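Student: pasting the sequence and the predicted coordinates here, then a few questions.
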Amino acid sequence: MPASPSFREQVLALVAQIPSGRVMTYGQLALLAGHPGAARQVGSVLRGLPGDSDLPWQRVVNAQGRVSTYRVGLGEWQRSLLEAEGLSFSAAGQLDLVAAQWWPSDSARP
DNA sequence: CTGATGACAGTAC
DNA sequence: AGTACTGCCATCA
């Protein structure tokens, strides 16, 4: 592992801490990773993850509370996983971030 | 090193 | 409300 944790390592570490039934946004992960505004890189990191990764990458959604999968079909799968964890999606396929968004106890929430 | 890229976010219309 | 454009910033060629 690199001596200085890269942005990628930080994001992966944060995603690994997301408990079941909760989600985090890309911008939030970027902020907690120490690089506010780098939300796009968070997506790039998750994009490179293998499908059988141990990381709960499916619990990462965009600021709108919707899944931003880069591949059709994968979004349906991700949505099913989140619903199985107790999350509720609206008719538009969005979930209530106010109730579902999770913040590490280490960080102060707004 | 420079330019292009992108699982986003915020603002404008 | 939904769509379009811009800004941001870490990787990759």
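Tutor: Noted; the coordinates are in hand.

Student: for residue A:75, list the residues it contacts.
Tutor: Taking C-beta atoms under 8 Å, 6 or more residues apart in numbering as the criterion, residue A:75 is in contact with A:67-69. In short, each C-beta sits where N, CA and C put it, glycine included.

Student: who wins for most neighbours among the residues you listed?
Tutor: residue A:67 (22 neighbours; other C-beta atoms under 10 Å).

Student: residue in chain A with the shortest distance to DNA strand B?
Tutor: residue A:43 (2.3 Å; C-beta to the nearest atom of the strand).

Student: if we can go back for a sec, just the contacts of residue A:75 that are near DNA strand B?
Tutor: Filtering these for proximity to DNA strand B by C-beta under 7 Å from any atom of the strand leaves A:68-69.

Student: of the contacts of residue A:75, which is the nearest to DNA strand C?
Tutor: Proximity of these to DNA strand C (C-beta to the nearest atom of the strand) peaks at residue A:68, which lies at 13.0 Å.

Student: OK, contacts around the spatially closest residue to residue A:102 that is not a sequence neighbour?
Tutor: Setting aside the residues directly before and after it, residue A:102 is nearest to residue A:22 in space (C-beta to C-beta, 6 or more residues apart in numbering), at 3.3 Å. If a contact means C-beta under 8 Å, 6+ apart, then residue A:22 has A:59, A:100-102 as its contacts.
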